[in-house]
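**Student:** Need a 3D model of the following:
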Amino acid sequence: MGSSVQFLLLVTVSSMFLRVDCNADSKISCIGDEREALLKLKEALADPMDQFSTWVNETDCCKWQGVVCSSAGGNVIRLKLSGLGLGGQVGSSLLDLKQLRYLDLSMNNFEGKPIPHFIGSLEKLIYLNLSNSFFGGIIPKSLGNLSRLAYLDLNTYFDEPRENDLHWLHGLTSLKYLDLGYVDLSKAADDWLQAINMLPSLSELHLKACGLSNVSLTLPFINFSSLSVLDLSSNVKDEFSKLTSMQYIDLSSNPSIGGTLSRNLGKLCNLKSLDLSFNNISGEMTEFFGGFSLCVNSNLELLDLGFNKLSGFLPDSLRNLKNLKYLMLERNSFLGSIPKSVGNLLALKEFSLSTNEMNGTIPKSIGQLSDLTVLDLSKNSWIGIITEAHFLNVTSLKELSLTRITPGMNLFFNIYAKWVPPFKLKYVNLKSCQVGPKFPSWLKNQNELNTIIMENAMISDTIPSWFWELNLQINELNLAHNHLSGRVPNSLQYLEHASAKNMTSIANFDISYNSFNGSIPVSVGEIMNLTSFVVSYNRLTGIIPSIWNDKPNLYILDLSDNNVAGKIPPSIGVGNYLTFLIMSNNSLSGDIPSSLRNCGKMKSLDLGNNRLSGRIPTWIGEAMPDLLILRLRSNSLNGDIPSQLCNLSSLHILDLAHNNLSKSIPSCLGNLSGMASALNDVRKNTREYWNIQRLETLDLSRNQLFGPIPPSMISLVSLNHLNLSYNNLSGRIPTSNQFQTFTDLSIYESNPSLCGAPLTKNCTSNKETLPSTDEDIEENDGLSEMMWFYISMGLGFIVGFWGVCGSLVIKKSWRDAYFWIVDKLINMLLLFIWLNFAHYPTSMITWALLYCTRITNQEFYFPCNLYELPGPVMIFLDLIIREANPILY
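**Tutor:** Residues are numbered from 1 along each chain as shown. Got it, this is the predicted structure:
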């Protein structure tokens, strides 16, 4: 917008020193004083990129980089030093360039140094560009002395924004182009119009994002007769009824612009572009479009009213905009049908009416728009029948979108099977339109398609072979929610055809909610740019092929609700961009592969309703910090619930039901990622702190968990679904916060040791307390065991010593009887041992007697020390003694 005007301005400025263009052939050398001035300028400037390598003394300065001299007298008239990475200071030696007319220091880095005041003394300056040069401070008022200046660009001149006024503008009487974009003019919000009004020659004005507010173009007089381009975008509402010469108006992205559109805008017959998008404009459009009837021939080519609050019906007065090329009305609240008069807009190239409340029909007159390239009528509630007549003469059409905002079928395609469209589409989106029951044959000649979306299109067919033979450069293919059937390998045979390898450029592939069968083809591995692969709710079988290594951009992988078996291939975890992995309701087995720990951006991990085994990996809580959904229900997982899961501060759904999990519920689930560390950071990031407590669904049912429900779980204030049934939990049910709302008895069903509300079973003590953490439970159990160990040891010592030894010491008869009994038991034991060693020779008896006699040196009788003999000999000798002299016993 406004590029032609800017070009004319540059031509005008350049014409003031037209002889510059032939300077290279001139024999005029630069003036010595001016060469010295340039060398001083070079010394003051920082030149880290050595851009001034040609600026050498005793050479012709007119041949230096960025320097242009006059062919008449050799004076330097132009310095173009933009984008050279310069810094340092702009030296006052510039004042010695008496004939300087053009100065461009844009796109450099002066590191916040102020704009030199002496620039205002370059009285012959016509062009000045200091944009994006990272100067500092405010705009010097001395610039107002440049009465010959025609072009001034200070767009983002600063390193840090500073408040500026516009009082210095009044002296720039020759100014034609002014760009103060992103300069903070909030200080001039009340009088900026008066300052601009003092510039009678101004033809192009850019004040984008300048902080202007609460202003109105309602001065007693407005001297904008020459203004053709006005950019006030990202500022505020304005009125333009007196700006009859205006050609371009951009007031987009101004939240304070509201109210209705005035009929007076139609008086701007020279207006070519009107952009009022992203505002708060409301009301109907009848008066606004009717205003253009005041012009004999409206020049308006672009009208953008998107992203407002406009409502009502589109009027037939649209016909007045016969030169309109771009009509953008998306994201409003328009109703009814498209008026038939839209067929009069023969110059129309783009028409967007998406995301409104249109609930009528689409006229056949739209088929007369031969220049139409983009037709976006998506996300409305259209009704009626679409036939060939709607596209009769639309020969330039490239993008077609007719999606409905609701899934109901009220827009039907009734296209003749052998119809050949006059256009070549690149993008087609017919979501929730009844295109079927047959696959649309009119796509047969659409060999330029890169996006095909026919989701929920009521197609009950197989994908015909001619579709894969179109040799398309497909980027997105979405055929979800239909009744398509056939084997997936046949449906994806284009991946295996040597003549159709370019089809491997597909990024988004979705055939979910159909009736495809077969297995996932290995040829999917050839799709290097795959971003999403969704084949859920089909009848796929076989194993998941290990083809995911070369998929660095894979974002969504959804294989759920099929009958896929085998292990999860480790190659799925190779790409670290994977965010949604959904494989639930299959027959997958084995462990959860450790390669998934590479998926640090994972938000949803759903492996539920499979046959997975092993333990829940601890790295899930360490390697997936952004996880929102963790669903591992209905598997054969065992072990405990890892406490590392408490690190998942963004978790919304935790479903571990129907497994073989044991031990107690980690108490840290009550505060997830650890409230202590969160409290330390709460002042730095309050939002993150609140996210810690936003778990919404927790299902741990049908496991083997035991122990109490951690009281810390009352911190889960966002919890709205809880299921702890069919476990072995015990103790009192918490009653604070969200637990007050969990009154359904089935939540705690089949936990016989639970007590308290809402169960009818009362707890034994109202003062009953429970450990709050697993560590506390283990510590308390350990303390109890040690205490009872020491008590029993002490009691055992007392009873053993005083009950036995003490009684023997005190009473002699007990002591004699005790030792007699002990002696008898020893003899019986020794006899048993002897009988088991009967193979010893009888000569041992003689040896035993001699041995005993030798030791005791006395007659053979009982006091012989039998215990010094070998065991078997001692037993036999004892028996002989008993037989020989029983009196001794």
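**Student:** going forward, measure contacts between C-alpha atoms and count neighbours the same way
**Tutor:** Will do.
**Student:** Look up how far residue 634 lies from residue 586.
**Tutor:** Residue 586 is 11 Å from residue 634, where distance means Cα to Cα, to the nearest Å.
**Student:** got any residues that touch both of these two?
**Tutor:** Common contacts of residue 586 and residue 634 (Cα atoms under 8 Å, 6 or more residues apart in numbering): 609-610.
**Student:** quick one: residue 212 and residue 97, what's the gap?
**Tutor:** Distance from residue 212 to residue 97, by Cα to Cα: 37 Å.
**Student:** which residues in the stretch 401-550 of the chain form helices?
**Tutor:** Here the stretch 401-550 of the chain has its helices, by DSSP state H, counting those that start in this stretch, at 465-468, 488-491.
**Student:** mean pLDDT for those helices: which is lowest?
**Tutor:** With a mean of 51, helix 488-491 has the lowest mean pLDDT of those.
**Student:** Convert stretch 411-426 to PDB, retaining C-alpha atoms only.
**Tutor:** Only the C-alpha atoms of stretch 411-426 are listed here, as PDB (Å, rounded to 0.1, in the frame of the first residue of the first chain):
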ATOM      1  CA  LEU A 411     -24.900 -28.300   2.300                       C
ATOM      2  CA  PHE A 412     -25.000 -30.800  -0.500                       C
ATOM      3  CA  PHE A 413     -22.800 -31.200  -3.600                       C
ATOM      4  CA  ASN A 414     -24.700 -32.400  -6.600                       C
ATOM      5  CA  ILE A 415     -22.100 -32.500  -9.300                       C
ATOM      6  CA  TYR A 416     -22.400 -34.400 -12.500                       C
ATOM      7  CA  ALA A 417     -20.000 -37.400 -12.400                       C
ATOM      8  CA  LYS A 418     -18.300 -36.500 -15.800                       C
ATOM      9  CA  TRP A 419     -18.100 -32.700 -15.100                       C
ATOM     10  CA  VAL A 420     -14.700 -31.200 -15.800                       C
ATOM     11  CA  PRO A 421     -14.000 -28.100 -13.700                       C
ATOM     12  CA  PRO A 422     -12.700 -25.000 -15.500                       C
ATOM     13  CA  PHE A 423     -10.200 -24.400 -12.700                       C
ATOM     14  CA  LYS A 424      -7.100 -26.000 -11.300                       C
ATOM     15  CA  LEU A 425      -7.300 -26.000  -7.500                       C
ATOM     16  CA  LYS A 426      -4.300 -26.000  -5.100                       C
END
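**Student:** quick one: it to chain centroid distance?
**Tutor:** 38 Å (Cα atoms, centre = their mean, to the nearest Å).
**Student:** contacts for that stretch?
**Tutor:** For stretch 411-426, the external contacting residues (Cα under 8 Å, 6+ apart) are 382-388, 391-400, 433-436, 440-442, 445-451.
**Student:** Of all the residues in stretch 727-737, which ones are buried?
**Tutor:** Across stretch 727-737, burial judged by 16 or more other Cα atoms under 10 Å covers 727-734.
**Student:** hang on, I meant stretch 412-421
**Tutor:** 412-413, 415, 421.
**Student:** Reformat those residues into a markdown table and put pLDDT next to each item.
**Tutor:** Compiled in a markdown table, these are given as follows (pLDDT from 0 to 100):
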| residue | pLDDT |
| --- | --- |
| 412 | 94 |
| 413 | 94 |
| 415 | 92 |
| 421 | 95 |
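**Student:** Let's have the buried residues of stretch 727-737 in JSON lines, adding pLDDT.
**Tutor:** As requested, the buried residues of stretch 727-737 are exported to JSON lines (pLDDT from 0 to 100):
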{"residue": "727", "pLDDT": "93"}
{"residue": "728", "pLDDT": "92"}
{"residue": "729", "pLDDT": "91"}
{"residue": "730", "pLDDT": "91"}
{"residue": "731", "pLDDT": "90"}
{"residue": "732", "pLDDT": "90"}
{"residue": "733", "pLDDT": "90"}
{"residue": "734", "pLDDT": "89"}
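**Student:** Residue 64: which of the residues you listed is nearest?
**Tutor:** The nearest member of the buried residues of stretch 727-737 to residue 64, counting by Cα to Cα, is residue 734 at 83.2 Å.
**Student:** What is the burial count for the nearest residue to residue 95 once chain neighbours are set aside?
**Tutor:** In space, and not counting its chain neighbours, residue 95 is closest to residue 122: 6.5 Å by Cα to Cα, 6 or more residues apart in numbering. Residues contacting residue 122 under the criterion other Cα atoms under 10 Å number 22.
**Student:** For residue 122, give its distance to residue 152.
**Tutor:** From residue 122 to residue 152 the distance is 14 Å (Cα to Cα).
**Student:** can you check residue 334 too?
**Tutor:** In terms of Cα to Cα, residue 334 sits 42 Å off from residue 152.
**Student:** what about those two, which has more around it?
**Tutor:** Neighbours were counted for residue 334 and for residue 152 using other Cα under 10 Å; residue 334 has more, 26 against 20.
**Student:** So that one lies in a helix, does it not?
**Tutor:** No. Residue 334 is assigned strand when assessed by DSSP: H, G, I helix; E, B strand; the rest coil, not a helix.
**Student:** Quickly list what it is bridged to.
**Tutor:** Beta bridges link residue 334 to residue 312 when assigned by DSSP bridges.
**Student:** Now do stretch 559-572: distance to the chain's middle.
**Tutor:** With Cα atoms, centre = their mean as the basis, stretch 559-572 stands 25 Å off its chain's centre.
**Student:** oh, and call the first residue 277 from now on, that's how I've got it
**Tutor:** In the new numbering, first residue 277, that becomes stretch 835-848.
**Student:** Just the CA atoms from stretch 612-621 would do, formatted as CSV, please.
**Tutor:** The C-alpha coordinates for stretch 612-621 follow below in CSV (Å, rounded to 0.1, in the frame of the first residue of the first chain):
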residue,chain,number,x,y,z
GLY,A,612,-28.2,-14.8,6.0
SER,A,613,-27.2,-15.5,2.4
ILE,A,614,-24.6,-13.9,0.1
PRO,A,615,-26.5,-11.4,-2.1
LYS,A,616,-26.8,-12.2,-5.8
SER,A,617,-25.2,-8.8,-6.5
VAL,A,618,-21.8,-10.2,-5.6
GLY,A,619,-21.8,-11.5,-9.2
ASN,A,620,-21.3,-7.9,-10.4
LEU,A,621,-17.9,-7.6,-8.7
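**Student:** ok, and what's touching that stretch?
**Tutor:** For stretch 612-621, the external contacting residues (Cα under 8 Å, 6+ apart) are 588-595, 597-601, 633-645.
**Student:** Which PyMOL command selects the buried ones in the contacts of stretch 687-702?
**Tutor:** This is how PyMOL selects the buried members of these, with burial counted by 16+ other Cα under 10 Å:
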select buried, resi 658+659+661+662+664+667+668+669+670+671+672+673+674+675+676+709+710+711+712+716+717+721+722+723+724+725+726+727
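**Student:** List the ones among the contacts of stretch 687-702 that fall in strands.
**Tutor:** When those are checked against strands (DSSP state E), the matches are 660-662, 675-676, 727.
**Student:** returning to that earlier point: and of the buried residues of stretch 1003-1013, the nearest to residue 369?
**Tutor:** Ranked by distance to residue 369 (Cα to Cα), those are led by residue 1010 at 81.5 Å.
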